[in-house]
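S.K.: Next input, structure requested:
(2 chains)
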Amino acid sequence: MSPRPGFVLEVDRSTPPVLFWHGESFSLERLPEGSRVIYAPEPLEALEDPRAKIRDALETPLGDSDPLRALLKPGMKLTICFDDISLPLPPMRSPDVRQLVIEEVLELAAQAGVDDVVLVAALALHRRMTEEELRHALGDRIYDAFAPNGLLTQHDAEDRDALIHLGETDLGEDVEINKRAATSDLLVYVNINLVAMDGGHKSVATGLASYKSLRHHHNPKTMTHSRSFMDAPASELHSANWRMGRLIKESGVKVFQIETTLNTDTFPSNFAFLQKREWEWSLRDRATFAASSSALSRTPSRVARKIFHSIRSPHAMTSVQAGEVEAVHAVTTRNVWEQQGVEVSGQSDVLTMGLPYICPYNVNSIMNPILVACLGLGYFFNLYRNKPLVREGGVLILNHPTPWEFHPAHHPSYIDFFEEVLTETKDPVEMHERFEESFATDPWYIHLYRTGHAYHGVHPFYMWYWCAHALEHLGRVIVVGGDPAAVRRLGFTPASSLQDAFEMAKDVVGFSPSVTHVHVPPILMADVS
Amino acid sequence: MKALLVERSLPRFAAARLAGAFASSKGAGLGPLRLADVDPPELPDGDDWFRLRPILSGICGSDLSTLGGRSSRYFDELVSFPFVPGHEVVATLEGPGYSADGRRLEDGSRVVVEPVLGCVARRVVPQCKACAAGDTGDCENVSVGHLRPGVQTGFCADTGGGWSTGGLVAHSSQIHPVPEELSDRDAVMIEPLACGIHAAMTAEVREGDTVAVVGAGTLGLVVTAALTHLAATGRVRRPSGLLLGARYAHQRRLGEELGATRALATEQLSRALRRRTASLALGAPQSSTLRLSGGADVVFDCVGTAESIEQCLSMTRPRGKVVLVGMPGKVRVDLAALWHREIELVGAYTYGTERLLISEETAKLSAVRTFELAIELSKSARAGRLVSATYPIERFEEAITHAGSAGRRGAVKIAFDPTERPTPTTSKKGMKR
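M.R.: Numbering: from 1, shown residues only, chains lettered A, B, ... in the order given. The predicted structure follows:
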């Protein structure tokens, strides 16, 4: 039986309560009659033999590209770059897709007699991965072969000697990327395309870039004019990356892009109910929900966090394509939409969503309030094509504990951003002008980014900029069950229950508002007509 | 008259210390303080001593340390028992008198007491160098002369103190008339404000310095107010920023109202200073107090504990200055940072005469009594708002407990109102807000 497509349920009297994530827990909530609940399509079937499909993709590239085998020559300089810890979510079971792909690439390189091979984790301004995380992504065999010899590196956007300025786009955007990658005879990029905005030219133009380059598109103006990030033609972020990617190509950097897509099989069997439609829950699902909810309610948040972050997703590969960047990405994007797309008719006054424990920037870490905002307003709000699920001036209701808590080693600049910037302004443009540079050039943050496991000093600004479109669009953001002080610091309104939140929303959108609940994860993309 | 009396009783000091170890100021009932009927202090011979009747008298951190048995043994020889505490005093003059600046004052005039008992008050001739220079807070003769030992009124067996209904005696050099426009609450804050001003002057802040204040009880707030006021009126050079570390929200609010550039939770202070001074932090970023490679030019320690001193040293730049305003006792402090970073650690005790900058070009200074500046500051800062509650002296246990937990209870300064009687109409607990 083929997997069922996404589904929009209209809530009526017989509809059971709907699952809402709440950080490291979840609850069942009743929605008003007439509300809509959007469910993701069921997971597409996994590729039967992923290794064989990868080999096929490398032999039969898309676009104007020779097969990888033909591009590999003895004596050449080969750099293999790969997506970092922010993908996929949750981290997938071993073997990770990156391991499968890179093992095949290395096999071909070895057959061709290529000796000069370096692996680069495309961090951009993200934190450096730990050995354990690298081993998980690449497998022990690759790690042990490369890391001890210094051939497994992590992109350092602050190492001036390791960057190269390739020029400026027609719009004056600096393109400065990893020198080793740019000066190699071949740059192989290994991607995991979790959502539609991943991949394409963004892989190299963002993943291997410096602050000098990133600031041209990671700014309030670009983010506000990306409607949404997931819809390439309507995304200024996409356009900027494409301009840069083309300049990279024109500069003579030869990129062989390998992109993969995953299905929406997000949670292991003991948490299978999380991705099922509630009326289809089996007795076992109900029992598991009841038992896990009850256990989590008694579990200290630190322990619960540890439990959830140990989840390894059963994500399976649904496609792999390789070759010229744009040709590859066109197919990848289609495949992503095939898995995640749901057609939705019209907008609503109120959009609700339960936020889970994880986002791209807190893997093995703490979901601090800024990341809560980013996940809700930056990511989930933007999971649309054409128009947002909520009307302009409407209300977004988030369900998350939003603790006033930060990981000091991973997010040191976030702590200061929360205290120094958000106490002064919530306006992305104002903070960009007044504060961004001092955070971006702060020597301590740079030191921690380069030598520890800290996100770059400017990163919390980017998280807030991701929210810029939603902040401009929405009439109010309400957070249910969050730390009231932290929620207020974000400029949002705290509510103690979903019902309270609906009452508060009426002040903005009037009585009897239309309500849409987006049932993520698993990730879905709403095609809103 | 009724007065609160402190007697030398080692068991009671020990009991207070023990109780204090479990809960701050629980020692009030067990400690050396008791309510007693006592004779008013004798007026010393001569025409330069006068009787005062207290209107309000504040409870200071040094009082709490003494009553809690936490004071340093250093002071053993500098006080005389039994004494009536209360050195933050606004009072009425009983009979005509004279003020420190030689003005004649009418009977019933409202005055504040500058409590230091220096050479003039003690009739020590010749005066010590400090007193001769007007720096009475540094008097070398606080245990000699015609009075028994006592660094200040409120610690001397001969003068009485503010925590009494009947009164105290004061030398004319200690008496300052209170301008009519100041309320009693404004006036009782003049003595703490003078401490703040003296500390601010001691710091010798340079133009553009980054200044931090650790602790935002009364001392932290008055230092903040003083530095802001003195800089705004051109008496000291203007710092580029004044960051206040405060444990409680109401302290942060008051701190910003009184002029702090930013008032932050205590644990955020080092992070904010690091940002402001573009310093690195040494060691792991997990620590709640970062050890900075640079840091503030001047840090005021308005707490006076081992932890606060170490915190100040960790956030002061090399060759910067830590001004110790809060009264420390015997503390165990790691001074490696002080040595390695060549930090100057300087005490700031009471007041006397300040040398104010009157000309940038000639660097000319003008000598002004600290209390004169404090009276001016009390008015401009509306300092009376820092007085959170007053108690009749009969309710001293509650008052001391309230003062000992002021921060937690949303308060700043607690004072005695000796004119108040503990009747049911006063308030539920004899406390006036």
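
S.K.: where does residue 25 land on pLDDT?
M.R.: Unless you meant another one, I'm taking chain A. What the model reports as pLDDT for A:Ser25 is 95.

S.K.: please go with chain B instead
M.R.: 48.

S.K.: And for B:Phe75?
M.R.: Looking at B:Phe75, the pLDDT reads 88.

S.K.: Kindly provide the distance from it to chain A.
M.R.: Using C-beta to the nearest C-beta, to the nearest Å, we find B:Phe75 at a distance of 39 Å from chain A. (Glycine included, C-beta is placed from N, CA and C.)

S.K.: how many neighbours does the closest residue in space to that residue that isn't next to it in sequence have?
M.R.: Nearest non-adjacent residue to B:Phe75, counting by C-beta to C-beta, 6 or more residues apart in numbering or on different chains: B:Val151, 7.3 Å away. Neighbour count for B:Val151, taken as other C-beta atoms under 10 Å in any protein chain shown: 22.

S.K.: repeat for A:Val372
M.R.: Neighbours around A:Val372, by other C-beta under 10 Å: 27.

S.K.: just to revisit the earlier point, so the residue nearest to B:Phe75 sits against B:Val79, correct?
M.R.: Yes - counting by C-beta atoms under 8 Å, B:Val151 touches B:Val79, with 7.0 Å between them.

S.K.: List the residues that contact the residue nearest to B:Phe75.
M.R.: B:Phe75, B:Leu78, B:Val79, B:Val116, B:Leu117, B:Val142 (C-beta atoms under 8 Å, 6 or more residues apart in numbering or on different chains).

S.K.: same check, this time on B:Asp48
M.R.: By C-beta under 8 Å, 6+ apart, the contact list for B:Asp48 reads B:Tyr98, B:His171, B:Ser172, B:Ser173.

S.K.: Can you show me the helices along the stretch 101-250 of chain B?
M.R.: For the stretch 101-250 of chain B, the helices defined by DSSP state H, counting those that start in this stretch occupy B:119-122, B:129-132, B:184-188, B:190-203, B:218-232, B:249-257.

S.K.: what mean pLDDT would you report for the last one?
M.R.: Same thing as helix B:249-257. The average pLDDT for helix B:249-257 rounds to 97.

S.K.: again, but for the second one
M.R.: Per-residue confidence for helix B:129-132 averages out to 96 on the pLDDT scale.

S.K.: With the third one instead?
M.R.: Helix B:184-188 carries an average pLDDT of 98.

S.K.: Chain neighbours aside, what residue packs nearest to B:Thr202?
M.R.: B:Ala348 (4.4 Å).

S.K.: how's the chain carved up into domains?
M.R.: In the absence of a named chain, this looks at chain A. Per automatic domain parsing, the structural domains of chain A span A:7-42+A:274-310+A:340-528, A:50-262.

S.K.: try again with chain B
M.R.: Split into domains by automatic domain parsing, chain B comes to B:2-178+B:383-416, B:196-368.

S.K.: chain center to the shortest one: distance?
M.R.: When C-alpha coordinates are averaged (C-alpha atoms, centre = their mean, to the nearest Å), domain B:196-368 and its chain have centres 16 Å apart.

S.K.: give me every residue that touches B:Ile197.
M.R.: B:Val222, B:Ala226, B:Leu230, B:Tyr351, B:Glu354, B:Thr370, B:Leu373, B:Ala374, B:Leu377.

S.K.: cool, A:Ala486 as well?
M.R.: Counted by C-beta under 8 Å, 6+ apart, A:Ala486 has contacts A:Pro369, A:Thr402, A:Pro403, A:Trp404.

S.K.: how near is it to chain B?
M.R.: A:Ala486 sits 13 Å away from chain B, going by C-beta to the nearest C-beta.

S.K.: Pull up the residues of chain B that are close to chain A.
M.R.: Residues of chain B found near chain A (C-beta under 8 Å from any C-beta of the partner chain) are B:262, B:264, B:268, B:271-272, B:274-275, B:278-281, B:284-287.

S.K.: check contacts around the closest residue to chain B within the stretch 51-200 of chain A.
M.R.: Using C-beta to the nearest C-beta, A:Arg127 is the residue of the stretch 51-200 of chain A that sits closest to chain B, at 12.0 Å. Applying C-beta under 8 Å, 6+ apart to A:Arg127 gives the contacts A:Ile85, A:His410, A:Tyr449, A:Gly452, A:His453, A:Ala454, A:Tyr455.
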